[in-house]
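K.L.:
Please find the sequence and the predicted model below.
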Amino acid sequence: MSRQSVARAHQKIQELSWDPMYHEPVSQYGTDYTFRKAQKKDPLKQVLRSYFPMQEEKDHRVYGAADGAIRGNMFRQVQERWLEWQKLFLSIIPLPEISAARAMPLLFRTVPNPELHNGQAIQMIDEVRHSTIQQNLKRLYMNNYIDPAGFNNSLRNFQNDYCGTIGRQFAEGFITGDAITAASIYLTIVAETAFTNTLFVAMPAEAAANGDYLLPTVFHSVQSDESRHISNGYATLLMALSDEGNHQLLERDLRYAWWNNHRVVDAAIGTFIEYGTKDRRKDRESYAEMWRRWIYDDYYRSYLVPLEKYGLVIPHDLIEEAWNQIWNKGYVHEVAQFFATGWLANYWRIDPMTDKDFEWFEFKYPGWYNRYGKWWEEYNRLSTPNGHHPIVAEDVDYQYPHRCWVCMVPCLVREDMVMAEVDGQWRTYCHEACRWTDVEAFRPTYQGRQTPNMGQLIGSREWETLYHGWNWADVVSDMGFVRDDGKTLVAQPHLDLDPSKMWTLDHLRRMGPVLSPNVLLNEMTPAEREAFHANYIKGGPGGRPAPANA
């Protein structure tokens, strides 16, 4: 199709739209935003008859690469350390994609602009395609990789597993609460515009460095659609900005969306890139360097800051704090340590760090060894069963952390942990920004303004609370993370598949029960709780408890 005929077809589609005059449409998805029916343009002007041939060509390339990977024996050459972490990544990522598809109908009746409805409908098709090719990628890994266990059951356990519940709360943020907050600000303005850079560009680069050229093919195909989604978000943002009454909500939502995306996406992708790789070239970018380039410079300085000319207050403080968390407070390293601490409750094998890894981390993050090196040496020492417990139940100078009620990533930067009593329950938060989200932003009233369409963060959110008082062996059995012999764990703290070196349910049965930090917190007296908090924030880095004389 010529560009001129595409433009004519796009215009004709808008003429087919109408507003019914004979009844009041039912509002299916609520929002506290208001819109003037100003004409805002869809810059890409995509129509289905040009869209489908383009996507068909991209799919041919994806499935051709999959066939090439099998024929070229890629699965016997790729680094095991890398593919083990893909069991987590590929179990989580299809859920945000399909949630993003479900998010688009939230906007159809909320944003009064037929031209944008066309772009949103095409985005919905995009997201279904993304989820499909990603799950197919996972299926290929499962069918061809040396250790398929973990690839086969991860999608079934978002409601009750150690790490997947973090991804679940992230994805469900696209489809819950205020329609504009969820489907526009949280999804398209922040998640897709900012964080797909590290997700779909940086991650594929690391995959290729570890011998996996199939993931880059799939995820570059995904990323090539994101410009369309970014355009949808920006056009909706401009419509919202045209009504000054929306500025208060936009500023609220930018703070919430930015911080929650940072906590979850940086935790996950940073860990995959830094701890899932065997590529330790000194000239390779660290995750901090990637983040500075892709998110701080390209998104913050080039996209967010110019919005100030419209009178919008940008959350400069939270963006600087996100960088501070990554560079100065070791956020990604703390997360990787937490994932490895609870390796037995996962569904992938976590490789110990080696001297070569230590050298690279110290080069990229000076002072890394003093913070984390000794703990990883302990992890290596305890990786093979030899009469001891898994590392979570051994004395390795590590205090098991509290979960954040909002982002569900634990309160790993100990000095930042805050508490609040909400609806009769004491809750812990990884940072003041998460406390603000729960206590102030997600409420029926915000700064004196009625916001009935905002959701609330309720229910059984914390993994440890689900299994409080259970024996670890029963927990792993309940989650289904046991191999076909009925006793050997799917997860292991090493990559050796020698049965004599693998952990079983019998090893776990000797351990004490799982104890929920939140349950214990709520059982404390006010004085005990205050003393506990004062002690907790003196702990770390690397999860170290506060000194006895602190």
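P.N.:
Happy to help now that I have it.
K.L.:
My guess is Asn232 contacts Glu115. True?
P.N.:
No - in this structure, Asn232 is not within contact of Glu115 by Cβ atoms under 8 Å, at 10.5 Å. Every residue, glycine included, has its C-beta placed from N, CA and C.
K.L.:
between these two, who's got more neighbours?
P.N.:
It is Asn232, of Asn232 and Glu115, that has more neighbours when counted by other Cβ atoms under 10 Å, with 28 against 17.
K.L.:
For that one, give me its contacts.
P.N.:
Each residue near Asn232 by Cβ atoms under 8 Å, 6 or more residues apart in numbering is listed here: Asp42, Leu116, Gly119, Gln120, Gln123, Thr188.
K.L.:
tell me which of those residues is nearest to Ala473?
P.N.:
When the contacts of Asn232 are compared for distance to Ala473 (Cβ to Cβ), Thr188 wins out at 43.8 Å.
K.L.:
Then that closest one would be within a helix, right?
P.N.:
Yes - assignment of Thr188 by DSSP: H, G, I helix; E, B strand; the rest coil places it within a helix.
K.L.:
so it makes contact with Glu226?
P.N.:
No - judged on Cβ under 8 Å, Thr188 makes no contact with Glu226 at a distance of 9.4 Å.
K.L.:
Comparing these two, which shows the higher neighbour count?
P.N.:
Taking other Cβ under 10 Å, Thr188 and Glu226 do not tie; Thr188 has more neighbours (28 against 21).
K.L.:
Could you say which helix or strand holds the closest residue to the more buried one other than its chain neighbours?
P.N.:
Excluding its sequence neighbours, the residue lying closest to Thr188 (Cβ to Cβ, 6 or more residues apart in numbering) is Gly233, at 2.7 Å. Taking DSSP states H and E as the criterion, Gly233 maps to helix 214-241.
K.L.:
Following the chain past that helix, name the next helix or strand.
P.N.:
Next helix or strand after helix 214-241 toward the C-terminus (DSSP H and E): helix 247-261.
K.L.:
Enumerate every residue touching the residue nearest to Thr188.
P.N.:
Contacts for Gly233 (Cβ under 8 Å, 6+ apart) come out as Ser184, Ile185, Leu187, Thr188, Ile189, Glu192, Thr193.
K.L.:
from those, which is closest to Gly167?
P.N.:
If you rank the contacts of Gly233 by distance to Gly167 using Cβ to Cβ, Leu187 comes first, at 14.7 Å.
K.L.:
export the contacts of Asn232 to TSV and tack on secondary structure and distance to His468?
P.N.:
Output for these, formatted as TSV (DSSP: H, G, I helix; E, B strand; the rest coil; distance: Cβ to Cβ, whole Å):
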residue	secondary structure	distance to His468
Asp42	coil	50
Leu116	helix	46
Gly119	helix	46
Gln120	helix	42
Gln123	helix	41
Thr188	helix	38
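K.L.:
Just the buried residues from these, in ChimeraX please.
P.N.:
Selection of buried members from the contacts of Asn232 for ChimeraX, criterion 16 or more other Cβ atoms under 10 Å:
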select :42,116,119,120,123,188
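K.L.:
so which of the contacts of Asn232 comes closest to Ala69?
P.N.:
Gln123 (28.5 Å).
K.L.:
How much space separates the closest residue in space to that closest one that isn't next to it in sequence from Ala101?
P.N.:
Distances taken as Cβ to Cβ, 6+ apart place His229 nearest to Gln123, at 5.2 Å, with adjacent residues excluded. For His229, the distance to Ala101 equals 11 Å [Cβ to Cβ, to the nearest Å].
K.L.:
Now tell me which helix or strand of this structure has the poorest mean pLDDT.
P.N.:
Of all helical and strand segments in the chain, the minimum by mean pLDDT, DSSP states H and E falls on helix 3-15, at a mean of 64.
K.L.:
Can you check what angle separates the helix or strand following that one from helix 214-241?
P.N.:
Helices and strands here follow DSSP H and E; after helix 3-15, the next one along the chain is helix 48-71. Note on geometry: by axes from the mean of the first three to the mean of the last three Cα atoms, to 10 degrees, helix 48-71 and helix 214-241 are set 150 degrees apart in direction.
K.L.:
List the buried residues of helix 48-71.
P.N.:
Neighbour-count burial for helix 48-71 flags Ser50, Tyr51, Gln55, Lys58, Val62, Ala65, Ala66, Ala69 (criterion: 16+ other Cβ under 10 Å).
K.L.:
Reformat the contacts of Asn232 into TSV and put distance to Asn324 and pLDDT next to each item.
P.N.:
Output for the contacts of Asn232, formatted as TSV (distance: Cβ to Cβ, whole Å; pLDDT from 0 to 100):
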residue	distance to Asn324	pLDDT
Asp42	38	59
Leu116	36	83
Gly119	36	85
Gln120	36	88
Gln123	33	92
Thr188	26	96
